[in-house]
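Student: coords please:
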Amino acid sequence: MATSSTLSPQHEETAVPALKVMRLQSPDLGQPTAGSLEKQCLLGYALALPDSFGVIHVGETFTAYLGAINVSQSLMVRRLTVTAQLQTPSHRWPLPSSLNETSGVDVRPGDGVDAVVSRQLEELGQHILRVEVGYQTSEGTRKTLRKFYRFNVSHPLGIEERTVRAGDNSCFVSIGIENLTSQPMVISSSKIDCSKAAGLLESSRIGCTAPTKVSGTSATDLFDSCGLLEPNSSFRFLFRVTTTEKNKTGIACGDELGNVVIEWRKTMGETGIMVSDPICCPIVCPPGDQQNPTKLMMGAGNDFVVHGSGLSVDVAKVAASRAGGNVTSDLDTLLPVTVEPLEPPSTLRLADPEEMNFLVVNHSSKSMDLQLQFRLNHMSGVAVCGKSYRNLGEVAPDGGSVVAGIKLLPLVGGLLRVQGCCVVDLRSGKEIPQPPLCNIFVEKMEP
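Tutor: Numbers count the residues shown, from 1 in each chain. All right, here's what the predicted structure looks like:
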């Protein structure tokens with residue numbers, strides 16, 4: 001007579017769970033294959049679910065469904081736990097869910113448990129979703145089942161920036177955005193985040209005024225303002241970063257202006273956000289050969305200056321670092337004295353002289369008896385009306401300054417560059433040539 005042996009509760013026979021993992025995402029617009037009889041939907045193409053994790057971009061939120069199923073029809077799964085981690089090229093992030101907050105659950109035959117995990121993607125390269133299932137065996141020991149799901153993360157947008165100095169307290173930042181994906185995207189917002197500057201800087205976008213009346217707006221304006229960006233197409237935004245009342249020192253070379261923040265949407269409404277590397281104020285170095293004053297004063301290698309280069313702020317920063325023993329540049333030794341225009345006019349009228357004020361700053365550690373000169377043979381399109389030099393007298397060291405007025409006479413129309421400036425220390429005879437000071441547009445006088 002056959003007898004059946006029974007197991008104690010600690011050694012009760014258990015089942016092995018099965019793991020299912022899927023990425024949760026919107027469907028894509030799939031084109032019917034050649035020769036098929038499929039009918040197109042109202043959107044023009046058929047909605048198709050991807051057969052894998054699909055294309056994943058930086059800035060998206062990766063969301064995955066985790067399901068642990070008891071495929072047995074008679075045995076229980078004891079003390080089931082499910083944990084997940086997302087391994088990036090530089091870090092391993094735990095993905096919390098309701099399944100790893102307990103010591104384990106019992107799953108009845110044919111039943112299952114599930115959870116949803118998610119994390120915003122911030123890095124390029126290969127990512128690995130690591131899922132681990134733990135359960136109790138028939139012998140009362142713990143056993144784990146691990147599965148790995150690899151996928152690649154790419155950039156949806158290419159971001160290119162160019163920064164131009166606009167004096168001591170302002171910079172213009174041009175941002176170029178290119179759609180690197182194979183589908184259209186909508187740029188929902190763009191900005192420069194200056195939050196790391198702790199209230200010292202603020203940014204504003206130029207040319208982003210929205211139309212007040214749709215009826216009075218052209219179709220081209222509506223299309224440009226919608227933010228639609230086709231594959232391999234690009235768009236450029238212009239921002240201006242300025243100092244606030246808290247900032248008394250201006251914007252110097254190497255100062256962080258902020259990060260470009262771009263928010264976008266895909267065809268099915270998926271949202272994403274991209275944050276660029278910090279944008280820094282460009283370094284203004286005297287162009288040309290330091291041993292050749294002519295090249296320096298005429299701006300060799302420096303084709304454009306917008307209302308002052310901010311050079312005096314840069315030299316002051318280097319001089320301060322030298323005093324603190326942390327020398328990062330020799331700019332203060334090349335330019336111990338700097339000259340910058342004070343609120344230069346944006347336009348001048350042809351053959352109509354106008355006086356401009358220039359700030360002369362002594363950054364050296366010794367006082368100087370200075371003379372400001374404008375040399376006609378190094379100037380172009382503009383001349384000095386009256387004396388081409390000003391005796392400034394004794395200028396104190398370590399940031400001592402004086403303001404000198406020079407009357408300029410425009411000789412030709414168009415965009416001109418004020419150049420040919422040189423400062424001479426009358427005590428030692430040392431000449432300190434200055435790079436171009438600013439650009440001014442000269443308009444013709446009406447008859």
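Student: Could you use CA atoms for every contact and neighbour count after this?
Tutor: Fine.
Student: ok, the closest residue to His378 other than its chain neighbours - contacts?
Tutor: The shortest distance from His378 to any non-neighbouring residue, by CA to CA, 6 or more residues apart in numbering, is to Gly420 (4.6 Å). Each residue near Gly420 by CA atoms under 8 Å, 6 or more residues apart in numbering is listed here: Met297, Met298, Phe374, Arg375, Leu376, Asn377, His378, Met379, Pro433, Gln434, Pro435, Pro436.
Student: same thing but 6 Å
Tutor: Taking CA atoms under 6 Å, 6 or more residues apart in numbering, we find Gly420 in contact with Met297, Phe374, Arg375, His378, Met379.
Student: and Val241, which of the three is it?
Tutor: strand (DSSP: H, G, I helix; E, B strand; the rest coil).
Student: quick one: pLDDT of the nearest residue to it once chain neighbours are set aside?
Tutor: Leaving aside its sequence neighbours, Val241 sits nearest to Ser203 (CA to CA, 6+ apart; 4.3 Å). In this model, Ser203 is scored at 94, pLDDT.
Student: Any idea how many residues pack against Ser203?
Tutor: Residues near Ser203, counting by other CA atoms under 10 Å, number 20.
Student: and the gap between it and Asp193?
Tutor: Taking CA to CA, to the nearest Å as the measure, Ser203 falls 8 Å from Asp193.
Student: Let me see the ranges of the helices in this protein.
Tutor: Counting by DSSP state H, the chain has helices at residues 219-225, 293-297, 311-323, 331-334.
Student: Just tell me which of these ends up closest to Phe172.
Tutor: Closest of these to Phe172 is helix 311-323, at 15.6 Å (criterion: CA to CA).
Student: and for the closest one, what are the contacting residues?
Tutor: Looking at what lies outside helix 311-323 - CA under 6 Å, 6+ apart - the contacts are Ala252, Cys253, Val327, Leu331, Asp332, Thr338.
Student: where does the stretch 101-250 of the chain have low pLDDT?
Tutor: 101-102, 208-217, 219-224 (pLDDT under 70).
Student: hey, where'd the strands end up in it?
Tutor: 105-107, 112-120, 125-136, 142-154, 157-165, 170-179, 185-193, 201-206, 228-229, 234-243 (DSSP state E, counting those that start in this stretch).
Student: Ala319 and Gly250, how far apart?
Tutor: Distance of Ala319 to Gly250, computed by CA to CA: 15 Å.
Student: higher neighbour count, these two?
Tutor: Counted by other CA under 10 Å, Ala319 and Gly250 do not tie: Ala319 has more neighbours, with 26 against 20.
Student: if I look at the more buried one, how far off is Ser401?
Tutor: Taking CA to CA, one finds Ala319 at 15 Å from Ser401.
Student: From the contacts of Gly420, which land in strands?
Tutor: Residues of the contacts of Gly420 located in strands (DSSP state E): Phe374.
Student: Name only those of the contacts of Gly420 that count as buried.
Tutor: Met297, Phe374, His378, Met379 (16 or more other CA atoms under 10 Å).
Student: so who does the first one touch?
Tutor: With contact taken as CA under 6 Å, 6+ apart, Met297 is in contact with Gln419, Gly420, Pro433, Gln434, Pro435.
Student: Among these, name the ones in strands.
Tutor: Filtering the contacts of Met297 for strands - DSSP E - leaves Pro433.
Student: From Leu409, how far out is Glu354?
Tutor: On the measure of CA to CA, Glu354 and Leu409 end up 7 Å apart.
Student: With neighbour numbers in mind, choose between the two.
Tutor: More crowded of Glu354 and Leu409, by other CA under 10 Å: Leu409, with 20 against 16.
Student: I figured the more buried one was touching Met356, is that so?
Tutor: No: with contact defined as CA atoms under 6 Å, Leu409 does not reach Met356; the gap is 10.6 Å.
Student: Any chance of the strands of the stretch 101-250 of the chain in a markdown table with distance to Ser98 as columns?
Tutor: As requested, these are arranged in a markdown table below (distance: least, CA to CA, whole Å):
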| stretch | distance to Ser98 |
| --- | --- |
| strand 105-107 | 11 |
| strand 112-120 | 7 |
| strand 125-136 | 14 |
| strand 142-154 | 18 |
| strand 157-165 | 35 |
| strand 170-179 | 38 |
| strand 185-193 | 34 |
| strand 201-206 | 42 |
| strand 228-229 | 39 |
| strand 234-243 | 43 |
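Student: Of the ones you listed, flag the one that's most buried.
Tutor: Of these, the one with the most neighbours on average (mean count of other CA atoms under 10 Å) is strand 170-179, at a mean of 20.
Student: which residues make contact with stretch 341-357 from outside it?
Tutor: By CA under 6 Å, 6+ apart, stretch 341-357 touches 358, 404-411, 440-444.
Student: pLDDT averaged over stretch 346-364 - what is it?
Tutor: 92.
Student: domains of the chain?
Tutor: 12-26+47-154, 157-210+217-280, 293-443 (automatic domain parsing).
Student: Need the distance between the two termini of the first one.
Tutor: End-to-end span of domain 12-26+47-154 (CA to CA): 49 Å.
Student: do the same with stretch 432-442
Tutor: 28 Å.
Student: just to revisit the earlier point, now render the contacts of Met297 as a markdown table, adding distance to Gly199.
Tutor: A markdown table is the format used below for the contacts of Met297 (distance: CA to CA, whole Å):
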| residue | distance to Gly199 |
| --- | --- |
| Gln419 | 35 |
| Gly420 | 38 |
| Pro433 | 36 |
| Gln434 | 33 |
| Pro435 | 32 |
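Student: Just the closest of the contacts of Met297 to Leu99, please.
Tutor: For the contacts of Met297, the nearest to Leu99 is Pro435 (66.5 Å; CA to CA).
Student: per-residue confidence at the closest one?
Tutor: 86.
Student: can you check Asp398 too?
Tutor: pLDDT at Asp398 comes out at 91.
Student: now swap in Leu372 and tell me
Tutor: 97.
Student: Please tell me how far it sits from Glu132.
Tutor: Taking CA to CA, one finds Leu372 at 75 Å from Glu132.
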